[in-house]
Structures are given as structure tokens and as C-alpha cells.
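A.B. asks: prediction below, plus the sequence it came from.
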Amino acid sequence: MEPYLWLFPVLFIFHDFEEIIGFRWWLDRNKDILQTCFPRFFKQFDNYTTEGFALAVFEEFVVCSIGSALAVYVGTPLLLYIWLGGFIGFTFHLFVHIVQSVVLRKYIPALITSVLTLPVCVYIVYQCFSADTCIDVTAIVGLAVGFAAVFVNLIFALRLMWVYNNRSRKDN
């Protein structure tokens, strides 16, 4: 598992740069279909700003980097499994973007890097499980904590983005 630990923040930021760069542009060009087919989604991202989204990505990148650093420098089995659970959560996130694109039947910002990085991530997850011959309670707990942390942190990052977006609109 150790050779892959620093790849998490690298793959994460590579993927999220596509989202940061393209999401506002894509929302503006797909407003009609989103309002009609996905009104709840559209309402959530109506006040979206690139700066707010970049802040959310930065927060997630810091958490991802700290998690990788802890796994590298402390390296206890529990931390390594938490890292792997988080990495599996990120891998799942890439798969979700591909499904979103299929459902919409069009490009979404995140599709290109999801297609490029998903096979790499699946390979890393496979290698990590292949190297570990024993799945014990520590592994199960660590994987569950890491996977859950991805989604809890995503909710926090989105709230951070919305707070930033609402404050910046009030200041204007």
C-alpha cells in the first residue's frame, strides 16, 4: 500500500481541476435541462461560484493530503486502512461522475479525468487488497471510517462552499 499513498492527493487534484475549471461554464450552458429534469440539483447550485467551489476543493485537498501524510509518516495499520477507505470513497466518486454523464447523455466537467483516473484507482485498490492477506477487525473498521469520512467531509465542503457563496453575494 505504501507506494500508492501520495498518489491520492495527486489524483484528487488532477480530477478536481477539471471540475473547478468547467463547472460554472457547464451550469450556464445546461441551465434549461437542469431546471426541467433536476430542479433540486439546480436549486442547490443556483448560487454557485467558481471561487466557492475552489474553496471546497481546497478544503478536501488539505484533508486528503493530511490523511496521506499521516498514513506515510505514522503508518499504523488502522491509519493505512482509513487511507484505503478514503481512497475507495474517491474511486466511487469517479464512478458516480461517469454514471452522471451517462444519465444526462452528455459531457459533465469531471468526466474526462474520471475516465482517465478510474482505472488507475481500481488498480491501486486491487493492489492494496492483493498485498494484504488478512482482513481483520482493524481493516474493516479502518475501511468503514475512511469511506464514511469522504462523504462526511464532502457535506462539510459543500456547506463551506455555500457559506462562501452566500457571503460573497451579500458583499456585492
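C.D. replies: Yep, that arrived.
A.B. asks: list the contacts of the residue nearest the centre of the chain.
C.D. replies: Closest residue to the average C-alpha location of the chain: residue 90 at 5.0 Å, with C-alpha atoms, centre = their mean. Shown in contact with residue 90 (C-beta atoms under 8 Å, 6 or more residues apart in numbering): 8, 11, 12, 64, 121, 150. C-beta here means a position set from N, CA and C on the backbone, and glycine is covered the same way.
A.B. asks: can you give me the buried ones in the helix or strand where it lies?
C.D. replies: Applying DSSP states H and E as the criterion places residue 90 in helix 77-104. For helix 77-104, burial by neighbour count (16 or more other C-beta atoms under 10 Å) applies to 79-91, 93-94, 97, 100-101.
A.B. asks: which residues in the chain form helices?
C.D. replies: Assigned helices in the chain, in chain order: 7-29, 31-37, 39-44, 50-73, 77-104, 111-131, 137-171 (criterion: DSSP state H).
A.B. asks: worst average pLDDT in these?
C.D. replies: For the helices of the chain, mean pLDDT drops lowest on helix 39-44, to a mean of 78.
A.B. asks: neighbouring contacts of it?
C.D. replies: Taking C-beta under 8 Å, 6+ apart as the rule, helix 39-44 contacts 31, 34, 35.
A.B. asks: for the residue nearest to the centre of the chain, give its distance to residue 32.
C.D. replies: 31 Å (C-beta to C-beta, to the nearest Å).
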